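Q: Build the 3D model from these lines:
(4 chains)
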Protein chains: 2
Amino acid sequence: MTGHALATFEPRKTPIQARSTVTVEAISEATIQVLLSQGPERLTTTRVAERAGVSVGTLYQYYPNKQSLLFAVLEHHLNNVAEKVEAACRRACHKPLAQMIQEMVEAFVDAKMERADISVALYRIATDVGGPALIKRIGQRTRRATEAMLQTAPDIQSPPGKIAIDIMLAAMMGAIRSLLEKEPSSGEVRKSKEQMVLLCQSYMAAVTANGG
Amino acid sequence: MTGHALATFEPRKTPIQARSTVTVEAISEATIQVLLSQGPERLTTTRVAERAGVSVGTLYQYYPNKQSLLFAVLEHHLNNVAEKVEAACRRACHKPLAQMIQEMVEAFVDAKMERADISVALYRIATDVGGPALIKRIGQRTRRATEAMLQTAPDIQSPPGKIAIDIMLAAMMGAIRSLLEKEPSSGEVRKSKEQMVLLCQSYMAAVTANGG
DNA sequence: TCATTTTATGAAGGATTCTTCAGGTTTGGA
DNA sequence: TCCAAACCTGAAGAATCCTTCATAAAATGA
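A: Model prediction:
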């Protein structure tokens, strides 16, 4: 289980029939939309339910409180991104360093861009209760995956330190966030992605050359 | 002036006597502390006033509403950072590229670290109404300063494009944010700062070498 | 068909919040 | 000393919000 601190975030009831599955998905989607159109300040359980086309009572049958709703949406999104990045890291093992970086960064950007609206919406609640802990946990996952991948690189002198990997990932996330928040065209996305790859490649080349 | 959209954010009254100056500063400081200890959700005008040792009515004599209070604190902090970075960029003109980057990045990190508590607290309200626009405006300032500085570098083949500068600054901000949110020791700050400098140097070297 | 389980409803209680304003206190200068 | 301006107070109105619960509809399967 997820421990006692998260007890109040756990779903209240699991959907069994088909219609309730539809309902919870509608609620999730409505949460994103309300978050984007109204902001976190005006995100209300009633408003979310209204947008989802159900009543408030229905919402409270699946989520014990408002925060658990936000937490669930955040968790789902971050897990999805982490899985894609981990998969990319596994695929890129034993390849040359530059290609490793490229595949990892591109997987990250693509995962975030796949549902750019969700990514942007969630930036607004990422600092709420439970958010930081969750982000930290997911961050460790991607860092471990990246670290394991880099250790299989055939063309590096010395493996990069943990600090270097942290810096690289944090830098990449910052660049992605900046990109997401300007609602870029597909052309801008492509160019920015190239540059992010180059950024990480340059840095990794620098730290793996002499004593990293 | 700042335009009509920001009209409701402008201060209601300017302090004249000494005691009111003390009061508004106490309110600013209390805002940070409440933000850090209680989070944005529980940040209340009453709570801020209480923490500042004044009554709510006093708060509303200087700020027309709650948002203007948050906006003012955010604006003050971002302006301070931007000024420090601009000054560093001016100082570093005509120096070698690597040193330019070093001075700029270090100024940025130092400015954020000077009041790390404020920086962290403000991440929590940066997405509220008015925040994104303000951040965008300040971001342009630092980008222009950086761009102007880089154009005076004596040792580059071709100047970096705007996208490259944007990416570099966004990456640096991401790294700084990640650092700030882990409450680092002074040793960790020093190491991370070194790595950020190296990150930006490597990237700038790469994009200015051949056609950037 | 019918009993049981699952799902949906939405009015209302209880709590919190933003903001105002009428009335007080303090300050600075004439 | 005395007055006007500056400053402070905090109770209370109006609005909003979270959450519950009694009730009802729909689905399942025997």
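
Q: For the residue nearest the centre of chain A, identify the helix or strand it belongs to.
A: In chain A, the C-alpha nearest the mean C-alpha coordinate belongs to residue A:78, at 3.4 Å (Cα atoms, centre = their mean). For residue A:78, the host element (DSSP states H and E) is helix A:66-91.

Q: what about residue A:122, neighbour count?
A: If you count neighbours by other Cβ atoms under 10 Å in any protein chain shown, residue A:122 ends up with 21. For glycine as for every other residue, the C-beta is placed from the backbone atoms N, C-alpha and C.

Q: Tell me which residues touch it, please.
A: By Cβ atoms under 8 Å, 6 or more residues apart in numbering or on different chains, the contact list for residue A:122 reads A:35, A:73, A:74, A:77.

Q: The helix or strand harbouring residue A:48 - contacts with which helices or strands?
A: Taking DSSP H and E as the criterion, residue A:48 maps to helix A:45-52. In this structure, helix A:45-52 makes packing contacts with helix A:18-38, helix A:56-62, helix A:66-91, judged by 3 or more Cβ pairs under 8 Å, 6 or more residues apart in numbering or on different chains; DSSP states H and E.

Q: Where does residue A:159 sit: helix, strand or coil?
A: Following DSSP: H, G, I helix; E, B strand; the rest coil, we place residue A:159 in the coil state.

Q: you'd agree it is up against residue A:208?
A: Yes. Residue A:159 is within contact range of residue A:208, at 7.0 Å (criterion: Cβ atoms under 8 Å).

Q: out of the two, which sits in the busier spot?
A: residue A:208 (19 against 16).

Q: so what's the more buried one scoring on pLDDT?
A: At residue A:208 the predicted local confidence, pLDDT, stands at 95.

Q: How about the contacts made by it?
A: A:97, A:153, A:156, A:157, A:158, A:159, A:160.

Q: how about these, which pair is most distant?
A: Farthest pair in those (Cβ to Cβ) is A:97 and A:158. Separation: 12.0 Å.

Q: When these two are compared, which one has more neighbours?
A: Higher neighbour count among residue A:97 and residue A:158: residue A:97, with 19 against 11, using other Cβ under 10 Å.

Q: Pull up the gap between whatever residue of chain A ends up closest to DNA strand C and chain B, please.
A: Nearest residue of chain A to DNA strand C (Cβ to the nearest atom of the strand) works out as residue A:57 at 1.8 Å. For residue A:57, the distance to chain B equals 23 Å [Cβ to the nearest Cβ, to the nearest Å].

Q: what touches both of residue A:159 and residue A:208?
A: In contact with both residue A:159 and residue A:208: residue A:153, using Cβ under 8 Å, 6+ apart.

Q: and the gap between the closest residue in space to residue A:104 that isn't next to it in sequence and DNA strand D?
A: Using Cβ to Cβ, 6 or more residues apart in numbering or on different chains and skipping residues adjacent in sequence, the residue nearest residue A:104 is residue A:88, 5.4 Å away. Taking Cβ to the nearest atom of the strand, to the nearest Å as the measure, residue A:88 falls 37 Å from DNA strand D.

Q: Likewise for residue A:181?
A: Noted for residue A:181: a distance of 24 Å to DNA strand D, by Cβ to the nearest atom of the strand.

Q: distance of the residue lying closest to that residue once chain neighbours are set aside from residue A:130?
A: Distance criterion Cβ to Cβ, 6+ apart; nearest residue to residue A:181, sequence neighbours excluded, is residue A:120 at 6.3 Å. Distance, residue A:120 to residue A:130, by Cβ to Cβ, to the nearest Å: 19 Å.

Q: re earlier: name the stretch among the helices and strands packed on helix A:45-52 that sits most buried.
A: Ranked by mean neighbour count under mean count of other Cβ atoms under 10 Å in any protein chain shown, these are led by helix A:66-91, which reaches a mean of 19.

Q: That one close to DNA strand C?
A: No. Against DNA strand C, helix A:66-91 shows no contacts by Cβ under 7 Å from any atom of the strand, the least distance being 11.9 Å.

Q: what helices or strands is that helix leaning on?
A: For helix A:66-91, the packing partners by 3+ Cβ pairs under 8 Å, 6+ apart come out as helix A:18-38, helix A:45-52, helix A:97-114, helix A:116-123, helix A:131-150.
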